[in-house]
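Colleague: structure for this input, please:
(one chain, ligands or ions: 2)
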Amino acid sequence: METITVKASKTYDIVIGTGILEEAGSLMRKTVGGQAAAVVTDDNVAALYGKRLMDTLERGGYRISGFVLPHGEASKNADTFLAILNFLAEEKLSRTDVVVALGGGVTGDIAGFAASSYMRGVSFVQVPTSLLAMVDSSVGGKTAINLNAGKNLAGAFYQPDAVICDVSLLSTLSPEFYRDGCAEVIKYGVIADDILFKNLRSDIMEQIEDVVARCVETKRDIVAVDEFEHGSRKLLNFGHTVGHAIELLSGYQIPHGHAVAAGMAIETRAAVRMGICDQPCSRDILDMLRRYELPTNTAYEADRIARACLSDKKRDGGSLTMIFPAEIGKCIMKEIPISELEAVIRLGLSTL
Ligand SMILES: NC(=O)c1ccc[n+]([C@@H]2O[C@H](COP(=O)([O-])OP(=O)(O)OC[C@H]3O[C@@H](n4cnc5c(N)ncnc54)[C@H](O)[C@@H]3O)[C@@H](O)[C@H]2O)c1
Ligand SMILES: [Zn+2]
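Modeller: Numbers count the residues shown, from 1 in each chain. Ligands and ions are numbered 1, 2, ... in the order given. Take a look at the predicted model:
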């Protein structure tokens, strides 16, 4: 078991281990407190792990209740958000009680946003169950729901009071969602951790606790310096400028991690053409994506991708911040004028 402490607007611990779900109740009793715990989860995860979490919370002395949403991105909407708030009110949760998110990034994002706004903020615990949630969405305090106009358009920066990460829960994750999480793991290697990147040449599941811990440490370090994404937190968006555009163009049929993998490949090839990184570095990144059966290109054309990028909210006036690898473990941020965006993407689409 490993404990990683995050020092942001809140200081809290992320506990990573195998088989620690059963200890969630006692861990929360020690670190978070409160009388009642409202668990938010999706139907898939509820069937697999709901009872085990409820049992440990009861053993920890909590009065428990549960809200189950249908699994999938479509649930991350304003109607479900409001339904969760009404549920918390009906359960008479007070300001010292706890909302617990048990699930992947969808559950964590919507439950976190509900916890941030119910009574202007109640305690919040993340129990991530997907690889993506363990290494990415449960850490760093971004919460959100989707609006009709786009993804994650409403939300809050709201740090949890604890994250309890039991890697044994990954045994039931589907191969597709597992690969999705692998894309984010590879991203951490490229942006900040060449040792992690090298380790990924051996299977992730054989070293899963260590891999999750390294990713979480990198995100923790970045968030500690720039919690509200004014500067260096943007490094976490490597692969995401183009990746979000691909997700959008596919009508969200291409899953996030797969789109980000293609985005990383395209941004890497563009980096070679722009003289930011060399061919061996790009080959290493593309080989790693293929090793985890992730895509390294897209059939969408440069002009459509560029237009989709511009509808992304992370745009600053007349330019866009893009992240490019300089070497494995080091990325740079570069302002790309909107007038040059299509040309940069075109550089990345054609194979070297
Ligand atoms: N807040 C952030 O910083 C941040 C960062 C990255 C992504 N996100 C968000 O995260 C979401 C994607 O997360 P996700 O991929 O975890 O999606 P998800 O929550 O939809 O989970 C993926 C699928 O796996 C199932 N599942 C989860 N854990 C399981 C387990 N242990 N066993 C079996 N099935 C399991 C879920 O029911 C779901 O069907 C997106 O909405 C994205 O915007 C947020
Ligand atoms: Zn991502």
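Colleague: can you give me the strands for the stretch 101-250 of the chain?
Modeller: For the stretch 101-250 of the chain, applying DSSP state E, counting those that start in this stretch gives strands covering 123-128, 142-147, 150-157, 162-166.
Colleague: what is the burial count for the closest residue to ligand 1 within the stretch 151-300 of the chain?
Modeller: Of all residues in the stretch 151-300 of the chain, residue 172 sits closest to ligand 1, with a separation of 3.5 Å (Cβ to the nearest ligand atom). Using the backbone N, CA and C atoms, a C-beta is placed for each residue, glycine as well. Each residue near residue 172 was counted by other Cβ atoms under 10 Å, and the total is 12.
Colleague: which non-adjacent residue is nearest it?
Modeller: Once flanking residues are discounted, residue 172 sits nearest to residue 48: 5.5 Å by Cβ to Cβ, 6 or more residues apart in numbering.
Colleague: ok, now how distant is the one you found from ligand 1?
Modeller: In this structure, residue 48 and ligand 1 are 6 Å apart, going by Cβ to the nearest ligand atom, to the nearest Å.
Colleague: how about that residue, secondary structure?
Modeller: helix (DSSP: H, G, I helix; E, B strand; the rest coil).
Colleague: and residue 252, that one's in a strand?
Modeller: No. Counting by three-state DSSP, residue 252 is located in no strand; its state is coil.
Colleague: for residue 340, see how far away it is.
Modeller: According to Cβ to Cβ, to the nearest Å, residue 252 and residue 340 sit 28 Å apart.
Colleague: comparing the strands of the stretch 101-250 of the chain, which comes out most buried?
Modeller: Most buried of these by mean neighbour count (mean count of other Cβ atoms under 10 Å) is strand 123-128; its value is a mean of 28.
Colleague: what angle separates that strand from strand 162-166?
Modeller: Comparing the axes of strand 123-128 and strand 162-166 via axes from the mean of the first three to the mean of the last three Cα atoms, to 10 degrees yields an angle of 20 degrees.
Colleague: from the chain's centroid, how far away is strand 123-128?
Modeller: Per Cα atoms, centre = their mean, to the nearest Å, the displacement of strand 123-128 from the mean C-alpha position of its chain is 14 Å.
Colleague: looking just at contacts, which helices and strands does it meet?
Modeller: In terms of contact count using 3 or more Cβ pairs under 8 Å, 6 or more residues apart in numbering; DSSP states H and E, strand 123-128 is assigned the packing partners helix 24-31, strand 98-103, helix 105-117, strand 162-166.
Colleague: and with 10 Å instead?
Modeller: Packed against strand 123-128 by the contact rule (3 or more Cβ pairs under 10 Å, 6 or more residues apart in numbering; DSSP states H and E) you find strand 11-17, helix 24-31, strand 36-42, strand 98-103, helix 105-117, strand 162-166.
Colleague: can you show me the CA trace of that strand as PDB?
Modeller: Presented in PDB, the C-alpha positions along strand 123-128 are these (Å, rounded to 0.1, in the frame of the first residue of the first chain):
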ATOM      1  CA  SER A 123     -16.900  16.200   1.800                       C
ATOM      2  CA  PHE A 124     -16.000  14.100  -1.200                       C
ATOM      3  CA  VAL A 125     -14.100  10.800  -1.600                       C
ATOM      4  CA  GLN A 126     -13.100   9.200  -4.900                       C
ATOM      5  CA  VAL A 127     -13.000   5.400  -5.200                       C
ATOM      6  CA  PRO A 128     -11.800   5.100  -8.800                       C
END
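Colleague: so what are the sheet partners of that strand and their directions?
Modeller: Partners of strand 123-128 in the sheet, by DSSP bridges, are strand 98-103 (parallel), strand 162-166 (parallel).
Colleague: hey, which of the helices and strands packed on strand 123-128 is tucked in deepest?
Modeller: A comparison of the helices and strands packed on strand 123-128 by mean neighbour count, using mean count of other Cβ under 10 Å, puts strand 98-103 on top with a mean of 29.
Colleague: quick check: residues of the chain near ligand 1?
Modeller: When proximity is defined by Cβ under 6 Å from any ligand atom, the chain lies next to ligand 1 at 42, 44-45, 48, 71-73, 76, 103-107, 109, 129-130, 132-133, 136-137, 140, 142, 152, 169-170, 172-173, 177, 180, 256.
Colleague: just the buried members of those residues?
Modeller: Neighbour counting by 16 or more other Cβ atoms under 10 Å classes 42, 44-45, 48, 71, 73, 76, 103-107, 109, 129-130, 132-133, 136-137, 140, 142, 152, 169-170, 173, 177, 180, 256 among the residues of the chain next to ligand 1 as buried.
Colleague: contacts for the helix or strand hosting residue 58?
Modeller: Under the assignment given by DSSP states H and E, the secondary-structure element containing residue 58 is helix 51-59. The contact list for helix 51-59, computed with Cβ atoms under 10 Å, 6 or more residues apart in numbering, reads 20-29, 36-39, 41, 45-46, 62-66, 98, 100, 102, 125, 127, 129, 164, 166, 169.
Colleague: note down every partner strand of the helix or strand just after that helix and its orientation.
Modeller: The first helix or strand that comes after helix 51-59 along the chain, using DSSP H and E, is strand 63-69. Listed by DSSP bridges, the sheet partners of strand 63-69 and their directions read strand 36-42 (parallel).
Colleague: for the partner strand, what is the distance to the chain centroid?
Modeller: The gap between where strand 36-42 is centred and where its chain is centred comes out at 20 Å by Cα atoms, centre = their mean.
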